[in-house]
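# what's the 3D shape of this:
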Amino acid sequence: MISLKELLIESKEEWKEPTFEAEESDFEMLADQLDISLDKIKEAFDEGELKRLMPSVWDKLKNCDCKKANSFKDIVDLSQKLQKKNPDYKSNWKQFKKDFKNNKPVKAPIVMKYGDDYYLVAGNTRLMVAKLMDVSPAIYLFVY
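Here you go, the predicted structure:
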C-alpha cells in the first residue's frame, strides 16, 4: 500500500506547475491520438495537481521513452530522431541536467489518467534526465 507521505511532494520549489497553454500542441496531439475533445482535456487539466511519480505509474506510462534512456547518449540519440521528424523540436536536456544538479525548479511533466492508462502529455525529456540523475520526479496529474 502507498502511504500518503510517498504521494506528497517534499518541496514544491523543486517542481513548477505547468500551464496548459505552454504545452497546448502536445495536448492537441493527444486529443487527436485518442479522438477526444481538447476542450474537455483542458477542463480536466484545470482540476489536476502536482503528485510524486510513483514507480507503479512510471512503469505504465504511455508516450514515454524513459525505458530507452540508459545514458545521456541515449537522450541525444532520441532527441536527434525527434528533430528529424519535427524540425521545430528543440531538446533542452542539458538545461534540465544543469537545473537538477543545481536544485533549480523544473516544470513538472504532465500525465493524464485515461481509464486504466496513464499518458505522458509533456515532459519526456525531463523524465529521462530525472531518471538518469536519480531525481524523484513530480508530475502534474489529471484525470480525464
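
# need the contact list for the nearest residue to Ser71 once chain neighbours are set aside.
Nearest residue to Ser71, sequence neighbours excluded (C-beta to C-beta, 6 or more residues apart in numbering): Leu132, at 7.1 Å. (Glycine included, C-beta is placed from N, CA and C.) For Leu132, the contact set (C-beta atoms under 8 Å, 6 or more residues apart in numbering) comprises Ala69, Asn70, Ser71, Phe72, Ile75.

# buried ones in the host helix or strand of Tyr119?
In this structure, Tyr119 is located in strand 117-122 according to DSSP states H and E. Neighbour counts using 16 or more other C-beta atoms under 10 Å place Tyr118, Tyr119, Leu120, Val121, Ala122 of strand 117-122 among the buried residues.

# from the residues you listed, which single one is nearest Leu141?
Leu141 lies nearest to Tyr118 out of those, by C-beta to C-beta, at 8.3 Å.

# Return the members of the contacts of Leu132 classed as buried.
Here, 16+ other C-beta under 10 Å leaves Ala69, Ile75 buried among the contacts of Leu132.

# Adding pLDDT, secondary structure and distance to Leu141, write the contacts of Leu132 out as JSON lines.
Shown next, in JSON lines, are those (pLDDT from 0 to 100; DSSP: H, G, I helix; E, B strand; the rest coil; distance: C-beta to C-beta, whole Å):
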{"residue": "Ala69", "pLDDT": "85", "secondary structure": "coil", "distance to Leu141": "21"}
{"residue": "Asn70", "pLDDT": "87", "secondary structure": "coil", "distance to Leu141": "26"}
{"residue": "Ser71", "pLDDT": "88", "secondary structure": "coil", "distance to Leu141": "28"}
{"residue": "Phe72", "pLDDT": "87", "secondary structure": "helix", "distance to Leu141": "27"}
{"residue": "Ile75", "pLDDT": "86", "secondary structure": "helix", "distance to Leu141": "24"}
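
# That's all I had, so thanks and see you.
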